[in-house]
Structure formats: C-alpha cells, structure tokens
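>>> Structure for the following, please:
(one chain, ligands or ions: 1)
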Amino acid sequence: MPDIATIAAALNSLKTATDIAKFLRESDLSLERAELKLKLADLIGALADAKLELIELQEALSEKDKKIAELEEAFQCKDALVRRYDAYYQIDEGGNPIGSAYCLRCWENDHKRRQLVHDAKDHFARVCTVCGHRYGSRLASDIQPPKEEESDQG
Ligand SMILES: [Zn+2]
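The predicted model follows:
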C-alpha cells in the first residue's frame, strides 16, 4: 500500500520540522547567524517534503474515492441484472429478463453495463462496442416485453 508509506513519510517530515523548530526555540540567541540560517533551511526543506507527500496522498485518496464510487454503482445494480444464455438483462417485476442485452464480458469483468449492438455486416452477430467481444445474435438478443393483448380473448 503506497499511501500508507506516504503517510509515514509525511509524518516523518513533520517530525523533523518540529524537532528543528524546538531546537531553534530552545537555543535562544546563542546560535551563530550562519547556523541559524542552516537550521531554517532544514526546516523549510522538511516542510516542503511533508507538503509533497501530502499532495501525493491527496491524489491517492481521490483515486480511491473514484474507485469506491464505481464499486458502489456496480454493487447497486448487481442484483438488477440477470443472465440469459450469453448476455445479461434487466429484470421485470416477475423476475424475468427483459429489454436490451448487455455484454457478458464487461459485466462479469468490470461490472459495467454495456449494450450490445448488431453487427452491420453480420446479422448473426452482436458486438460490444467497448470490449469488441462478439456474441451469436440468437444467444444475446434483446427481449421484447410480452404483448398485453387480452381484450379479444374469450
Ligand atoms: Zn463488452
């Protein structure tokens, strides 16, 4: 975990800066001017290190936030898709697959919903526009909602 190491480095830099500041406070006016300047340069260096390490940490944290948001989104729709043959579908109230076919590969690998499109040159294939995976159109077709034409019956 690089960010744990970065926290340790930042704390270390701050400790160095604090030590130098304490040393300066306790030494009063007895320090030579040149020595004082040297100590101040060390202090500024330690603070600059701490700043850089914190920036690195900030970037690592925002990456993590992004990843968490992606995972939360994937988690929320995890139950919303169901597999049929070679594709994934949303489910209707009765728990049956319905609507557009989603790429099986993208869903299972990345938890991303990607609609399959028809291959313009091959009517027996459907393609994922993101990963390029091809599916047999009969095994990954869209599912139309059942028609509700009961009025003429009986
Ligand atoms: Zn895909």
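
>>> pLDDT weak spots in this structure?
1-2, 29, 77-79, 148-154 (pLDDT under 70).

>>> Tell me which stretches of it form helices.
For the chain, helices defined by DSSP state H occupy the ranges 2-26, 33-76, 104-110.

>>> now the residue nearest in space to the middle of the chain: how far from the ion?
With distances taken as Cα atoms, centre = their mean, Lys67 lies nearest the centre of the chain, 2.0 Å away. Distance of Lys67 to the ion, computed by Cβ to the ion, to the nearest Å: 20 Å. The C-beta positions use only the backbone N, C-alpha and C, and glycine is treated the same way.

>>> Tell me which of the helices of the chain sits most buried.
Looking across these with neighbours counted as mean count of other Cβ atoms under 10 Å, the highest average goes to helix 104-110: a mean of 17.

>>> got the residues of the chain near the ion?
Cys103, Arg105, Cys106, Arg114, Cys128, Val130, Cys131, His133 (Cβ under 5 Å from the ion).

>>> does the fourth one really touch Arg126, like I thought?
No. Between Arg114 and Arg126 there is no contact, the gap being 11.3 Å when judged by Cβ atoms under 8 Å.

>>> Now, of the residues of the chain next to the ion, which are buried?
Cys103, Arg105, Cys106, Arg114, Cys128, His133 (16 or more other Cβ atoms under 10 Å).

>>> Just list the residues touching the fifth one, thanks.
Residues counted as contacts of Cys128 (Cβ atoms under 8 Å, 6 or more residues apart in numbering) are Cys103, Arg105, Cys106, Arg114, Leu116, Val117, Arg134, Tyr135.

>>> who's the first one bridged to?
Beta-bridge pairing of Cys103, defined through DSSP bridges, involves Ala87.
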